[in-house]
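*Asks:* what's the 3D shape of this:
(one chain, ligands or ions: 1)
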Amino acid sequence: MRTSWADSVSNSAAEIAISDKNSLPRPTRSTYVPPHLRSGSISDLSGPVSGTNGGSRWTGSDGGGTKPELRRQGQANSYATAGRDAAAGGGGGGRNNRSGGWDRREREVNPFGNEDKIYDIKQNFSEQENSGINFDAYEDIPVEVSGENVPPPVNTFAEIDLGEILNQNIRRCKYLKPTPVQRHAIPIALAGKDLMACAQTGSGKTAAFCFPIISGIMREPYAQRSHVGRTVYPLGLILSPTRELSCQIHDEAKKFSYQTGVKVVVAYGGAPINQQLRELERGVDILVATPGRLVDLLERARVSLQAVRYLALDEADRMLDMGFEPQIRKIVEQMNMPNRGVRQTMLFSATFPREIQRLASDFLSNHIFLAVGRVGSSTDLIVQRVEFVLESDKRSHLMDLLHAQRENGNHGKQALTLVFVETKKGADSLEHWLCMNGFPSTTIHGDRTQQERELALRSFKSGKTPILVATDVAARGLDIPHVAHVVNFDLPNDIDDYVHRIGRTGRAGKTGLATAFFNESNLSLARPLAELMQEASQEVPAWLTHYASRAPYGGNKNRRSGGRFGGSDFRREESIGKNLDYYSGGNSGNAYGGLVDIAGGYAPGVTSAWD
Ligand SMILES: Nc1ncnc2c1ncn2[C@@H]1O[C@H](COP(=O)(O)OP(=O)(O)OP(=O)(O)O)[C@@H](O)[C@H]1O
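*Replies:* Okay, the predicted model is just below:
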């Protein structure tokens, strides 16, 4: 058994070594706008959006929700005019020329650093193939899409009109082709539709919502950075539940928007607000934020949501569960943000319990539901093991795993291992014990300062402390390359949390390993865990099957929606329950019809989302 751990670990730890060949041609400078034309106040926040990002969404009927003050804003404004003049003078309207009074691109730090080379797809394809990213793993994934007028998916980035600069950045990121969630979600988002998208951990959801937002902002012919005094008016807002995840999304979005003129700023708690305020004052098109810090900024009137046209909630089910929902409601419903139907709203997660879907529909307007793989399923790129371990034996068992891993690792090196525990105290105590026993470790949890959290993450990523003991604060969204092994030292109470935790490994088509310590305190998880493992073609131990057959259904009983890969859109289920055809006749002339099963893939024989 340990040999297979080692196999999995060494596979997972495969390094990406890609050398770039071509250097980047610098974009030409756009027209300089003199400083006296740069100042001004907010104007035309609703803006003459041309509908390039979804037809008449912003200019046509407002679905009853348009805020009159948005549409009434004056247009004769020096700031905006300067932007328009520059855009016209720079030749090319809004796209790639979001001057907003000066060309931001000139002083932009290159987020690609030394890797700033255009990726030659043909030359490097074989290198990419050898890098451990297994694109074939994504090919046969079952997809369910429901909604009206669903735009068809694409197979390549070239088929999507994202603009040349964004395409260059995609190449710099070495993304050769879109992942399944990107293939479906990007055209839907570009058509201006609201979207609830569910796709497995590590499958590229961040780019799926970032690309359309960046591209949409670039397309707005007269888009401008807007200030009134010290209040800024972002056009895009991306919310995520943790500080680290917000930082990560910010880093990604900065790469994607490099040289586009679209300015991305991050705001999160635990870090000095003054620095974030200064950054905001320099202008912001897309604000990435945690809810708490955003509320703070709104209450200080340093940010207004009046101009928001794109709202994305990452880890949306977490954002709408009991912990965050009041804050999210406040932000979305009580802070001057354009109503649903006026703004475009996109919700993404790997898990979407039914009751959260129902709640989420308060924020969406006639949305499209997209499920890539079955809602809440784990990827079978992750080898999942579950072992019966008594509470008192957990530490020695962990030690055995780590020893085995070290022995089988590259040159006796410890592979990156993420150990999840239930409590902050438990995390500190386990970390101390591991360090005392010769395993360099660190921790991340809510009692540590933000500086300590960031340091811990850096130290883990670099391999300096290859074991990270974490609470659920690290369970969602974090994309740490080369995490070979996730250990659920303490299992969570909710199976969805388990899905997110193990999803820290086995990302972007790479394989990974997850081990769970199960004992009688986890009985409520027995059934959903056994089902999840079975669905992902994992070996389910007989003792777990036994517990599962006796156990009541716990660990989030609402997540199961009946058949495999089917019935994931709660609207569909509820309409079926009432014997209604929810979308009857609502989709004439569309490539997909009303309720569509694009891949036709969730037939009874399909065993896994990643086959
Ligand atoms: N088209 C692509 N080609 C290659 N790699 C990609 C592509 N899209 C995204 N990636 C990479 O895949 C990894 C996972 O992406 P991302 O973090 O967006 O996953 P996710 O679906 O949001 O995961 P989670 O559910 O855990 O938040 C990242 O390292 C990202 O750079």
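*Asks:* When you work out contacts or count neighbours from here on, use the C-alpha atoms and nothing else.
*Replies:* OK.
*Asks:* What are the structural domain limits within this protein?
*Replies:* 1-40+58-376+568-611, 378-550 (automatic domain parsing).
*Asks:* Pick out the shakiest of those, pLDDT-wise.
*Replies:* Set side by side, those give their lowest mean pLDDT on domain 1-40+58-376+568-611, at a mean of 71.
*Asks:* Pull the contacting residues for the residue of the stretch 251-400 of the chain at minimum distance from the ligand.
*Replies:* In the stretch 251-400 of the chain, the residue that lies nearest the ligand is A350 (5.1 Å; C-alpha to the nearest ligand atom). Shown in contact with A350 (C-alpha atoms under 8 Å, 6 or more residues apart in numbering): C198, A199, Q200, T201, E315, V375, G376, S377, H500.
*Asks:* could you redo the last one with a cut-off of 10 Å?
*Replies:* 197-203, 205, 314-317, 371-378, 476-477, 496, 499-500, 503 (C-alpha atoms under 10 Å, 6 or more residues apart in numbering).
*Asks:* Let's verify the residue in the stretch 451-600 of the chain positioned nearest to the ligand: helix, strand, or coil?
*Replies:* Nearest to the ligand, among the residues of the stretch 451-600 of the chain, is G477, at 3.2 Å (C-alpha to the nearest ligand atom). Here G477 takes the coil state, with states given by DSSP: H, G, I helix; E, B strand; the rest coil.
*Asks:* Next, count neighbours for it.
*Replies:* 27 (other C-alpha atoms under 10 Å).
*Asks:* Hmm, it is touching A316, no?
*Replies:* No: between G477 and A316 there is no contact under C-alpha atoms under 10 Å: 11.1 Å.
*Asks:* Overlap in contacts, the two.
*Replies:* Counting by C-alpha under 10 Å, 6+ apart, the residues touching both G477 and A316 are S240, P241, S349, A350.
*Asks:* want to throw those residues into TSV with distance to P187?
*Replies:* Listed next are the shared contacts of G477 and A316 as TSV, based on distance: C-alpha to C-alpha, whole Å:
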residue	distance to P187
S240	23
P241	26
S349	18
A350	19
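*Asks:* is it true that L297 lies in a helix?
*Replies:* Yes: assessed with three-state DSSP, L297 lies in a helix.
*Asks:* Give me the neighbour count for V332.
*Replies:* Neighbours of V332 (other C-alpha under 10 Å): 17.
*Asks:* which SS class is it?
*Replies:* Per three-state DSSP, V332 ends up helix.
*Asks:* dump the residue contacts of the residue nearest to it when sequence neighbours are not counted.
*Replies:* The shortest distance from V332 to any non-neighbouring residue, by C-alpha to C-alpha, 6 or more residues apart in numbering, is to F363 (7.8 Å). If you count contacts by C-alpha under 10 Å, 6+ apart, F363 has them with 194, 311, 328-329, 332-333, 339-341, 344-347.
*Asks:* Can you give me the distance of F363 to L195?
*Replies:* 10 Å (C-alpha to C-alpha, to the nearest Å).
*Asks:* Common neighbours of the two, please.
*Replies:* By C-alpha under 10 Å, 6+ apart, the residues touching both F363 and L195 are Q344, T345, M346, L347.
*Asks:* my guess is the last one meets A197, correct?
*Replies:* Going back to what we said before, that points to L347. Yes: shown here, L347 and A197 form a contact pair, counting by C-alpha under 10 Å, at 6.1 Å.
*Asks:* my guess is Y233 meets Q306, correct?
*Replies:* Yes: counting by C-alpha under 10 Å, Q306 is a contact partner of Y233 at 6.7 Å.
*Asks:* Just want to know which of the two has more residues nearby.
*Replies:* Y233 (26 against 20).
*Asks:* Spatially nearest residue to the more buried one (excluding sequence neighbours)?
*Replies:* S304 (5.2 Å).
*Asks:* what do you get for P466?
*Replies:* L416 is the one closest to P466 (C-alpha to C-alpha, 6+ apart), at 4.7 Å.
*Asks:* Is Q405 located within a helix, as I assumed?
*Replies:* Yes: judged by three-state DSSP, Q405 forms part of a helix.
*Asks:* What is the neighbour count of A185?
*Replies:* Count around A185 with other C-alpha under 10 Å applied: 34.
*Asks:* residues contacting it?
*Replies:* With the criterion set at C-alpha under 10 Å, 6+ apart, A185 makes contact with 145, 151-154, 179, 191, 193, 195-198, 205, 207-209, 212, 346, 348, 368-372.
*Asks:* What subset of the residues you listed is buried?
*Replies:* Buried subset of the contacts of A185 (neighbour count, 16 or more other C-alpha atoms under 10 Å): 145, 151, 153-154, 179, 191, 193, 195-198, 205, 207-209, 212, 346, 348, 368-372.
*Asks:* Filter the contacts of A350 down to the ones in strands?
*Replies:* A197, C198, A199, D314, A371, V372 (DSSP state E).
*Asks:* Determine the three-state secondary structure at L237.
*Replies:* strand.
*Asks:* Looks like it contacts V308 (just checking).
*Replies:* Yes: counting by C-alpha under 10 Å, V308 is a contact partner of L237 at 6.7 Å.
*Asks:* what is in contact with the two at once?
*Replies:* D285, I286, L287.
*Asks:* For the second one, give me phi and psi.
*Replies:* Right, I286. phi -120, psi 120 (degrees, to the nearest 10).
*Asks:* Determine the number of other residues adjacent to it.
*Replies:* Neighbours of I286 (other C-alpha under 10 Å): 27.
*Asks:* again with S521
*Replies:* When neighbours are counted by other C-alpha under 10 Å, S521 comes out with 12.
*Asks:* Specify the local secondary structure of it.
*Replies:* Per three-state DSSP, S521 ends up helix.
*Asks:* residues touching the nearest residue in space to H367 that is not next to it in sequence, list them.
*Replies:* Leaving aside its sequence neighbours, H367 sits nearest to D194 (C-alpha to C-alpha, 6+ apart; 4.5 Å). Going by C-alpha under 10 Å, 6+ apart, D194 touches 147, 188, 310-312, 340-341, 343-347, 363-369.
*Asks:* and the ligand, which of those reach it?
*Replies:* With the criterion set as C-alpha under 6 Å from any ligand atom, no member of the contacts of D194 is near the ligand.
*Asks:* Neighbour count says what about those residues? Which are buried?
*Replies:* 147, 188, 310-312, 340-341, 343-347, 363-365, 367-369.
*Asks:* first vs last residue of stretch 453-468, how far apart are they?
*Replies:* Span of stretch 453-468 from end to end, C-alpha to C-alpha: 11 Å.
*Asks:* I would like the residues contacting that stretch, please.
*Replies:* Contacts for stretch 453-468 (C-alpha under 10 Å, 6+ apart): 243-244, 402, 413-420, 427, 431, 434-435, 439-452, 469, 474, 478, 480-483, 485-486.
*Asks:* That one: which residues count as buried?
*Replies:* Result for stretch 453-468 [16+ other C-alpha under 10 Å]: buried residues R453, A456, L457, S459, F460, K461, G463, T465, P466, I467, L468.
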